[in-house]
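> Build me a structure from this.
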Amino acid sequence: MVERLVVIGGDAAGMSAASQARRRRSPDELEIVALERSRWVSYSACGEPYYVAGYVEPLERLLARTPEDFGRMGIQVRIRHEATAINLGRRTVTVSDLGSGERKELGFDTLMIGTGGRPLRPPINGSRLPGVHGLHTLDDAIALRATAEDGPGNAVVVGGGYVGLEAAEAFHSRGWRVTVLTSGPAVLDRTLDPDLGAQVVAAMENMGIRVVTGTRVECINGTEQVVSVGCDDETHPADVVVLGLGFRPESTLAREAGIGIGPTGAISVDDRQRTDTEGVWAGGDCAEASHRLTGQPVNFHLGTVANKAGRVAGINIGGGDARFPGVLGTAITKVCDLEISSTGLRPSDAAAAGYDAVAGDAQGSTTAGYWPTASAMTIRVVAERAGGRILGAQIVGGPGAGKRIDVFATAIWNGMTAEELAWADLAYAPPFSGVWDLIHIAARRAAIQTC
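Next comes the predicted model:
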């Protein structure tokens, strides 16, 4: 008898799982039905700000596969179909056809939940006004690009995280006057130490992007169209507002069905991506993962994590044996020519996890100092005091700085010490680094504080 796999969510985790399951089980053994409430599947959400900026076009370049591509693989993709409930007793999913309005029950033998994340939308007066946008789906990106092309004007970005900074660059690159409003003491306050976040703020100000820290937006003003953001004497003119306030796991369906939810608010899974319910799997932004250093459950909204988790789930659904080895939260972004990246634990994170940690800083340049394109760069390395094991790193600098974080991610992944990394045989040529890369120098400065 043919079994049925139902996949809820048609992007990274869900479609990776579907693809891997199909590679291991033929349509004669396993029917696969994927439900996606939007018009799009398998697209690069991370590429959306760059589409808004005009760096990427046409839109189709952000699509990895279409429903027709999956159809040729024997995977039925039903776009504009929203799963509204899961009944574990009957093993069914309630599905609403958003085109026709029809509702029906779809049975399953195996279920993969890849519902992703939902944008955080605190109650702000005026947040529904025309001209106020999120940047989550491809339709959001299409609408924002149309607005950006109508400019320039005044753009206000609410939120100083990755989406906020990338949206700020998108409008700045098109000649808009951009103001970023964030409640923290600096930008990227969940991934960078405050002093490094302040470096990013200073660099953005030098680019002509205004950054207002320590402010909470209480109202967005206008009648038929947004005209400003803020209240009283903190009002900022706005022709467009982008809400980039972060994301939460979209775990409502699972919670309401009685599937286990972890302490982060995301779906609890083991290292094979199994939930606590037989035959139900989950992965991506809606699910937890284990932090490689602390062993604690975390919920990172990163495409890298979602694709890996989906792959693991799909291999196991297909009869294989794969295990997800954990995450470090390695991430990178840029604002114009400024690159920002991080991995592992900050000093505050390390202390909260019970580590006695030290930090080593190094300031230098992305290339040999005399090279014409040399740009300033700061690297901070966090290491365990006893033994010197590397726990984390943060980088802020010009072109060529950001991807150095991968050296640190690899070192942490393999348990290297700061002393070992300080002697690593890294490549050198003047257009790429000094003879001692700043990686070496920062690691050495951390190492001398360890014992």
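
> my guess is residue 441 is in a strand, correct?
No - assessed with DSSP: H, G, I helix; E, B strand; the rest coil, residue 441 is helix; it does not lie in a strand.

> correct me, but it touches residue 361?
No - between residue 441 and residue 361 there is no contact under C-beta atoms under 8 Å: 9.3 Å. (C-beta placed from N, C-alpha, C; glycine too.)

> Need the pLDDT of residue 425.
With respect to pLDDT, residue 425 scores 98.

> how near is it to residue 379?
The spacing between residue 425 and residue 379, counted by C-beta to C-beta, to the nearest Å, is 18 Å.

> ranges for the strands of the stretch 251-400 of the chain?
Here the stretch 251-400 of the chain has its strands, by DSSP state E, counting those that start in this stretch, at 280-282, 289-290, 297-298, 331-335, 338-344, 357-365, 376-384, 390-397.

> same for the second one, what does it pack against?
Using 3 or more C-beta pairs under 8 Å, 6 or more residues apart in numbering; DSSP states H and E as the contact criterion, the secondary-structure elements in contact with strand 289-290 are strand 297-298.

> which residues are in contact with the strand it packs on?
262, 263, 264, 266, 268, 288, 289, 290, 291, 327, 329 (C-beta atoms under 8 Å, 6 or more residues apart in numbering).

> partner strands of it, parallel or antiparallel?
Each strand paired with strand 297-298, and its direction, by DSSP bridges: strand 289-290 (antiparallel).

> Pull the residues that contact the strand it pairs with.
269, 271, 296, 297, 298, 299, 300, 305, 309, 324, 326, 327.

> so for that strand, what's the average pLDDT?
Mean predicted lDDT for strand 289-290 stands at 98.

> returning to what we had before: PyMOL command for the buried members of the contacts of strand 297-298?
Command for PyMOL, covering only those of these found buried under the criterion 16 or more other C-beta atoms under 10 Å:
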select buried, resi 262+264+266+268+288+289+290+291+327+329
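
> out of the contacts of strand 297-298, what pair is the most spread apart?
268 and 329 (18.4 Å; C-beta to C-beta).

> Among residue 441 and residue 361, which residue is more densely surrounded?
Using other C-beta atoms under 10 Å as the criterion, residue 441 and residue 361 rank with residue 441 on top: 19 against 16.

> mind listing what the more buried one touches?
The contact partners of residue 441, by C-beta under 8 Å, 6+ apart, come to 362, 364, 379.

> What pLDDT does the model give it?
pLDDT at residue 441 comes out at 98.

> Looking at residue 425 and residue 379, which is more packed in?
Remark: of residue 425 and residue 379, residue 379 carries more neighbours, 30 against 5, as counted by other C-beta under 10 Å.

> Quick check: closest non-adjacent residue to the more buried one.
residue 442 (4.0 Å; C-beta to C-beta, 6 or more residues apart in numbering).

> pretty sure that neighbour contacts residue 359?
No - Residue 442 is not in contact with residue 359 according to C-beta under 8 Å; the separation is 9.2 Å.

> one step back: can you select the buried ones from the contacts of strand 289-290 in PyMOL?
Buried members of the contacts of strand 289-290, defined by 16+ other C-beta under 10 Å, are picked up in PyMOL with:
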select buried, resi 269+297+298+299+300+305+309+324+326+327
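
> now for the contacts of strand 289-290, which pair is the farthest apart?
That would be 296 and 309, which, of those, are the farthest apart (C-beta to C-beta) at 16.7 Å.

> Next, find the distance separating the most centrally placed residue in the chain from residue 333.
Geometric centre of the chain, nearest residue: residue 302, 3.2 Å, by C-alpha atoms, centre = their mean. As judged by C-beta to C-beta, residue 302 and residue 333 stand 11 Å apart.

> Let's have the strands of the stretch 251-400 of the chain in JSON lines, adding distance to residue 133.
As requested, those are arranged in JSON lines below (distance: least, C-beta to C-beta, whole Å):
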{"stretch": "strand 280-282", "distance to residue 133": "29"}
{"stretch": "strand 289-290", "distance to residue 133": "30"}
{"stretch": "strand 297-298", "distance to residue 133": "29"}
{"stretch": "strand 331-335", "distance to residue 133": "19"}
{"stretch": "strand 338-344", "distance to residue 133": "23"}
{"stretch": "strand 357-365", "distance to residue 133": "38"}
{"stretch": "strand 376-384", "distance to residue 133": "33"}
{"stretch": "strand 390-397", "distance to residue 133": "28"}
